[in-house]
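# Prediction below, plus the sequence it came from.
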2 protein chains.
Amino acid sequence: MKRRSTKQRETVYMALMSLYHPTAEEVYEKLRAECPSIGRATVFRNLSVLAEEGRAVKLFFPDEVARYDGNVDGHYHFVCRRCDAIIDLPATQKLPLPVSDAFTVEQQEINFYGLCRECHRKIEQ
Amino acid sequence: MKRRSTKQRETVYMALMSLYHPTAEEVYEKLRAECPSIGRATVFRNLSVLAEEGRAVKLFFPDEVARYDGNVDGHYHFVCRRCDAIIDLPATQKLPLPVSDAFTVEQQEINFYGLCRECHRKIEQ
DNA sequence: ATTTTATTGAGATCAAATCTCAATAAGGAG
DNA sequence: CTCCTTATTGAGATTTGATCTCAATAAAAT
């Protein structure tokens, strides 16, 4: 099944790039404001396609709906448990896999959970 | 709201400990075979409570339903994209957080994705 | 210009998880 | 022990993110 390039797909991609870790629903909401004729399934489908093509990364955080990241360079994420902010962190190192020869690692996902500075300060008082 | 210790909660805990990264549904299925009167909501609720209490860890993997881990010692996970196996890896090191003073890290989650040896072998041929 | 078929959009459908609420039972007080 | 408060349970309804269906459309090869 050869893939075709469509106006909708590129529109979805541009919306994704203009948002920070949006959910599919958020991308849909933004697009609907611009081109009301776009369908929800089209947005969800195209985000999947973009992830398949490596133009986006699908993110999963605890008890959260899926999010998409237009930044496909390897990086970590920090999630604040108080304000729910999701913050990109530069990947300073590749983590060596413990028992390396038993697995072929294609991707690694590293998430930190805790309090951002702002929320830490607020809670201390 | 003081927590009470119930027969059901401990039953759920024992079922969790006897399974390897089960989904809530799998725990429910197992328990239903043993004590048919148990309710689905009870199982789901108690797994949440166990996670809250630190007696279990709730796991999230891409496009998967939530799973629970009775092993609460910090460790990594490897997920095979072909056979979907989820494998515990010993945590050989704590990863230092890049911009450490801006965040208070309480947990870190490290997942590797790729092929287990078996599937790697099968695909090569 | 014609043909093939990937893609779209509206709405239906699915499934995991949560919520509702009356009945039950844990566990502290007397 | 008995009584009382209220956390917990269980059945089923509900929610909600996401996928599926299918006729209409449009990309792109011939």
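Great, that's in hand. Numbers count the residues shown, from 1 in each chain, chains lettered A, B, ... in the order given.
# near chain B, which residues of chain A show up?
Residues of chain A found near chain B (CB under 8 Å from any CB of the partner chain) are A:58, A:60-63, A:66, A:76, A:78, A:80-81, A:87, A:89-93, A:95-99, A:101-117, A:120. Where C-beta positions appear, they are placed from N, C-alpha and C, glycine not excepted.
# restrict the residues you listed to contacts with DNA strand D.
Near DNA strand D, taking CB under 7 Å from any atom of the strand as the test, the members of the residues of chain A next to chain B found are A:Ala66.
# Pull out the buried residues from the residues of chain A next to chain B.
A:58, A:60-62, A:66, A:76, A:78, A:80, A:87, A:89, A:95, A:97-98, A:103-104, A:108-116 (16 or more other CB atoms under 10 Å in any protein chain shown).
# from the middle of its chain, how far away would stretch A:74-92 be?
Chain-centre distance of stretch A:74-92: 11 Å, with CA atoms, centre = their mean, to the nearest Å.
# First-to-last residue distance for that stretch?
End-to-end distance for stretch A:74-92: 10 Å, by CA to CA, to the nearest Å.
# who's in contact with it?
By CB atoms under 8 Å, 6 or more residues apart in numbering or on different chains, the residues outside stretch A:74-92 that reach it are A:20-21, A:59, A:61-62, A:67, A:71, A:73, A:94, A:108, A:110-116, A:118-119, A:122-123, B:96-99, B:103, B:105-106.
# Also stretch A:48-61?
The contact list for stretch A:48-61, computed with CB under 8 Å, 6+ apart, reads A:3, A:9, A:12-13, A:16, A:21, A:47, A:66-72, A:77, A:79, A:86, A:111, B:60-63.
# So for the closest residue to A:Phe60 other than its chain neighbours, what pLDDT did the model give?
Of all residues not flanking A:Phe60 in the chain, B:Phe60 sits nearest, at 5.0 Å (CB to CB, 6 or more residues apart in numbering or on different chains). As predicted, B:Phe60 sits at a pLDDT of 95.
# now B:Phe60: how far from DNA strand D?
Between B:Phe60 and DNA strand D the distance is 11 Å, computed by CB to the nearest atom of the strand, to the nearest Å.
# Quick check: phi and psi on that residue?
According to degrees, to the nearest 10, the main-chain angles of B:Phe60 amount to phi -130, psi 120.
# Mark which of the contacts of stretch A:48-61 are buried, thanks.
A:9, A:12-13, A:16, A:21, A:47, A:66-70, A:77, A:79, A:86, A:111, B:60-62.
# Can I take it that A:Leu115 is in a helix?
No: read with DSSP: H, G, I helix; E, B strand; the rest coil, A:Leu115 is strand and lies in no helix.
# Beta-bridge partners for it, please?
Counting by DSSP bridges, A:Leu115 forms beta bridges with B:Thr104.
# again with A:Val57
With DSSP bridges as the rule, A:Val57 is bridged to A:Asp69.
# That one - how many residues pack around it?
Counted by other CB atoms under 10 Å in any protein chain shown, the residues lying close to A:Val57 total 20.
# Just want to check the distance between it and A:Arg32.
A:Val57 sits at a distance of 23 Å from A:Arg32 (criterion: CB to CB, to the nearest Å).
# Same check on A:Arg4?
Distance from A:Arg4 to A:Arg32, by CB to CB: 23 Å.
# Any idea how far the longest helix along chain A is from the middle of the chain?
When every helix of chain A is counted residue by residue (DSSP state H), the longest turns out to be helix A:40-53. Averaging C-alpha positions (CA atoms, centre = their mean) puts helix A:40-53 13 Å from its chain's average.
# what about that helix, average pLDDT?
97.
# That helix: which residues count as buried?
Neighbour-count burial for helix A:40-53 flags A:42-44, A:46-51 (criterion: 16+ other CB under 10 Å).
# Nearest to B:Ser37 among those residues?
A:Phe44 (39.4 Å; CB to CB).
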